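**Q** this one's sequence-less:
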Ligand SMILES: C[S@@+](CC[C@H](N)C(=O)[O-])C[C@H]1O[C@@H](n2cnc3c(N)ncnc32)[C@H](O)[C@@H]1O
């Protein structure tokens, strides 16, 4: 047993903490000795990250947020709308309050998740074999690697999120082999996030990559989102694709945006950007057909009428064309 592990065990006597050998890597698990404790089980890639998840304040400095079950949480409210099982009373209450006034929000969440699957299929069909899923959320079948691997069996995926519950689930359920990485990262610090992705060794940054930010960017301020997108677009190798879905203020009932702002409270802002502002996130890229459209209208397998005109969610996929040799006479 390493000294650091022993130190952590002494520091958190309420948890059983051990190291597990996985194919090609180790992971660390902490499990509460008592029931009803949150977090009950934490799985982390290294001991610093484990300490961060068990101890609220250092978590913030590791880019990973502390677990809080009394405030509505982005990933868990979304899981509730998707009829997933990982949510607490505070999430259900906040998510239900929104559904009372805007029942179509659950349908929009499902349409978004279906878009993720169609977009990943599209990328895999067009030769993309490595993906970064930023703001990946709680596992939701099919997950990105499952869709990609249905087309390219060896596809590589790094899942990134700042929520320790999301990361624990991802490590336990999604990191099934060495070609899948799970890292803590905050898109508001994109350079650090990209360093964490590089640290997994899963993604080769000089090769085309599918970069996904779905149902994420409306949780940033306008300045944070614009700055993050500039860094990510620059990082993407030629031949890469950028996949975005996001809520928009264009055509959305302002009351829904206000309700969402109230629901997420101190956790995150909810910023409604216009269609034009969202289109600017694809600057320098070529939007693939049909362009930036309502999420249900992006290459649907079967045409469906929109369920709502009150809660608009836009989706688009941008291609970074390989540079062509400059023309010379
Ligand atoms: C609504 S879920 C979307 C899940 C998935 N991308 C999808 O479209 O189905 C948004 C996720 O983004 C994560 N998130 C929120 N702010 C973030 C940030 N600044 N950096 C990274 N992840 C963030 C949340 O923790 C949550 O898991």
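**A** Looks like it came in fine. Small disclaimer: the values here were computed from a predicted structure and weren't measured.

**Q** Could you give the bridge partners of residue 159?
**A** residue 133, residue 182 (DSSP bridges).

**Q** That one contacts residue 133, doesn't it?
**A** Yes: assessed by Cβ atoms under 8 Å, residue 159 is found in contact with residue 133 at 5.1 Å. C-beta here means a position set from N, CA and C on the backbone, and glycine is covered the same way.

**Q** shared neighbours, the two?
**A** residue 144 (Cβ atoms under 8 Å, 6 or more residues apart in numbering).

**Q** Where does the prediction get shaky in the stretch 1-150 of the chain?
**A** 1-3, 23-24, 35-40, 55-69 (pLDDT under 70).

**Q** Residue 159 and residue 133 - which one has more neighbours?
**A** residue 159 (31 against 27; other Cβ atoms under 10 Å).

**Q** measure the more buried one to residue 181 for me?
**A** Separation of residue 159 from residue 181 (Cβ to Cβ, to the nearest Å): 7 Å.

**Q** Give me the common contacts of the two.
**A** With Cβ under 8 Å, 6+ apart, residue 159 and residue 181 have common neighbours residue 175.

**Q** Report the distance from stretch 127-143 to the chain centre.
**A** 8 Å (Cα atoms, centre = their mean, to the nearest Å).

**Q** residues touching residue 70, list them.
**A** Residue 70 neighbours (Cβ under 8 Å, 6+ apart): 88, 90.

**Q** So that it lines up with my notes, have the first residue be 4 from now on.
**A** Got it, the first residue is 4 from now on, which makes the last one we talked about residue 73.

**Q** Please tell me how far it sits from residue 92.
**A** 9 Å.

**Q** Any residues of the stretch 4-153 of the chain in contact with the ligand? List them.
**A** Counting by Cβ under 6 Å from any ligand atom, the stretch 4-153 of the chain comes close to the ligand at 77, 78, 81, 115, 116, 119, 137, 138, 139, 140, 143.

**Q** Swap in 5 Å and give it another go.
**A** With the criterion set to Cβ under 5 Å from any ligand atom, the stretch 4-153 of the chain comes near the ligand through 77, 78, 81, 116, 138, 140.

**Q** Identify the farthest-apart pair in the residues you listed.
**A** Using Cβ to Cβ, the pair of those lying farthest apart is 77 and 116, separated by 14.5 Å.

**Q** Run a quick neighbour tally on residue 306.
**A** Neighbours around residue 306, by other Cβ under 10 Å: 7.

**Q** Sticking with it, tell me its helix or strand.
**A** Assessed by DSSP states H and E, residue 306 sits outside every helix and strand.

**Q** And the residue nearest to residue 19 when sequence neighbours are not counted, its phi and psi?
**A** Excluding its sequence neighbours, the residue lying closest to residue 19 (Cβ to Cβ, 6 or more residues apart in numbering) is residue 34, at 5.0 Å. Per-residue torsions, residue 34: phi -130, psi 130 (degrees, to the nearest 10).
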